[in-house]
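>>> Dropping a prediction and its sequence here:
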Amino acid sequence: MCLRRLWLSLPLALSACVAGGYREARLTQPAEVLRRGFSVEVARVYLNEETVVDGIGDGTALVVQLEITNHGPVPYQLTPGQIWCLLEIDARHPDQTRLFPPSVSGAGAFTGVVPEELELPAVEVPPGQTRTAWVLFRGYQFRDSDIPRKITLTLPDPEGKTVQLVLADPAEGYLRWTVPATRSTFTFGVQDRALYGGYAQINMVSTRLSRMARAGRFLWDLGLVSTTVVQVKGSLRSSSSSFGATGFDAHLSMPLHGWGDAADPVRLGPYVGGELQLLIATEPTQTEDPGKLPPIYGEFGPEVGLEMDVGALRLARTAFPLVADTYRPLPRWLFRVGYTHTWIGHGSADGYLSSFRTVW
């Protein structure tokens, strides 16, 4: 988890959420209630990143932004503690209805920053004016949380009567919550590289942990590499003819041709990239004192080839009617075959490679 948070902080990572780790969800049909002398509207909501990616859990946070207008002659005061979020699966089974309580609120538009002090200050709306406020509801894990539910806010009007705002209802198929698609994610994979000519004949097998993201039509990734190197023939010094290597890799691809349906596409296109590693010879345990450092070499391997992307990274299934705002989702798996001209030690060698990666 710590490693994941570290990679999320990379400046190159593309973020699909607002400050604070929340994604804005725009309602395709604003939820509003009009009463004599009073109106309230919800045009957008926010969900924390974990909920959008992994589903409803004990860390779920739902933020609702309200626009309250007072058309009456006296001020209207709303205490956010009086607002409740209900998740109803079937009116005939009220025992299955879940409630998310209010946790913290604030005045004005939601900026993605949640105060450290959990407070629910009252919102006062003078006569003839409109006020914006937001309320954060804390969720929790429960059974069947991936089944669409009717999402309702309840709050009192100026006369103390209960007002209900329906934010989602499976019976209304066109009422959706549009959220930014996942723009970046982690991938884990393996790669086999064979250098067959030139300075050395070498086999390399590596594992790779990368951050992958989309930039328009392009996909890029940047990651860490851990490699086992075996020299079949060459001039690199090692009593065991093997090396341990670690370093970085980066790639840029552009899928040009695709087929299949939007939910499970296959795309094919060229890619370019490369890796930079430090090779340390694997030597027997030394008995001499002082010990000698093992031979160390640098390796730089640019590559070019074809990439095939399979599948689509989808939003988590939740009780909320989430839909992504893009037709270019990140792939779930990718395969690469390519050619490399690698500089290693004091020479260079040609070779080929193949790799497989999957979303982590």
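Here it is on my side, so go on.
>>> Might one say that Trp360 is in contact with Gly189?
No. Here Trp360 lies out of contact with Gly189, judged by CB atoms under 8 Å, at a distance of 9.1 Å. Every residue, glycine included, has its C-beta placed from N, CA and C.
>>> check contacts around Gly258.
Taking CB atoms under 8 Å, 6 or more residues apart in numbering, we find Gly258 in contact with 265-268.
>>> Please apply the same query to Pro80.
Residues counted as contacts of Pro80 (CB under 8 Å, 6+ apart) are 102, 105, 120-123, 133, 135.
>>> Any idea what Leu78 is bridged to?
Here Leu78 shows beta-bridge partners Val123, assigned using DSSP bridges.
>>> quick one on the thing from earlier: out of the contacts of Pro80, who has the most neighbours?
Ser105 (27 neighbours; other CB atoms under 10 Å).
>>> Got the phi and psi for the residue nearest to it when sequence neighbours are not counted?
The spatial neighbour of Ser105 that comes closest, neighbours along the chain excluded (CB to CB, 6 or more residues apart in numbering), is Pro80 at 3.9 Å. Its backbone dihedrals place Pro80 at phi -60, psi -20, with angles given as degrees, to the nearest 10.
>>> Distance-wise, check Pro80 relative to Ala107.
The span separating Pro80 from Ala107 equals 10 Å under the rule CB to CB, to the nearest Å.
>>> Quickly list what's touching both of those two.
Between them, Pro80 and Ala107 share the neighbouring residues 121, 123, 133, with contact defined by CB under 8 Å, 6+ apart.
>>> Throw these into TSV and include distance to Val304, thanks.
TSV is the format used below for those (distance: CB to CB, whole Å):
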residue	distance to Val304
Pro121	59
Val123	59
Ala133	55
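>>> any low-confidence regions in this protein?
Within the chain, the set of residues satisfying pLDDT under 70 comprises 1-20, 286-287, 289, 291.
>>> in stretch 236-250, what's buried?
When burial is assessed from 16 or more other CB atoms under 10 Å, stretch 236-250 yields the following buried residues: 236, 238, 241-243, 245, 247, 249.
>>> Please apply the same query to stretch 312-319.
By neighbour count, and taking 16+ other CB under 10 Å as the criterion, the buried residues in stretch 312-319 are 312-313, 315-316, 318-319.
>>> same deal with stretch 137-148?
Of all the residues in stretch 137-148, those buried under the rule 16+ other CB under 10 Å are 137-139, 145, 148.
>>> Farthest pair within those?
The most widely separated members of the buried residues of stretch 137-148, counting by CB to CB, are Arg138 and Pro148 (20.6 Å).
>>> which among the buried residues of stretch 312-319 gets closest to Leu87?
Nearest to Leu87 among those: Ala319, at 5.3 Å, using CB to CB.
>>> excluding its backbone neighbours, what's nearest the closest one?
Leaving aside its chain neighbours, Ala319 sits nearest to Arg149 (4.2 Å; criterion: CB to CB, 6+ apart).
>>> residues near the one you found, how many?
By the measure other CB under 10 Å, the count of residues near Arg149 is 22.
>>> Okay, strands next: where are they in the stretch 1-150 of the chain?
Under the criterion DSSP state E, counting those that start in this stretch, strands of the stretch 1-150 of the chain are mapped to 22-35, 38-48, 61-70, 76-78, 84-88, 98-100, 102-107, 123-125, 130-138, 150-156.
>>> before we move on, the earlier item: so which of Trp360 and Gly189 has more stuff around it?
Using other CB under 10 Å as the criterion, Trp360 and Gly189 rank with Gly189 on top: 21 against 13.
>>> On the C-terminal side of the strand or helix carrying the more buried one, identify the next helix or strand.
Assignment of secondary structure by DSSP states H and E places Gly189 within strand 184-198. Note on strand 184-198: by DSSP H and E, the next helix or strand toward the C-terminus is strand 200-215.
>>> Tell me the first helix or strand C-terminal of that next one.
Per DSSP H and E, the helix or strand that comes after strand 200-215 is strand 218-234.
>>> so Met212 bridges to which residues?
Applying DSSP bridges to Met212 gives these bridge partners: Thr185, Asp221.
>>> again, but for Tyr271
Using DSSP bridges, the beta-bridge partners of Tyr271 come out as Ser253, Gly305.
>>> Quote the end-to-end distance of stretch 31-49.
Length of stretch 31-49, first residue to last, CA to CA, to the nearest Å: 23 Å.
>>> what distance separates that stretch from the centre of its chain?
Stretch 31-49 has its C-alpha centroid displaced from the chain centroid by 27 Å (CA atoms, centre = their mean, to the nearest Å).
>>> same check, this time on stretch 73-87
Centroid separation between stretch 73-87 and its chain, computed with CA atoms, centre = their mean, is 33 Å.
>>> go on, stretch 244-255?
With CA atoms, centre = their mean as the basis, the mean position of stretch 244-255 lies at 20 Å from the chain mean.
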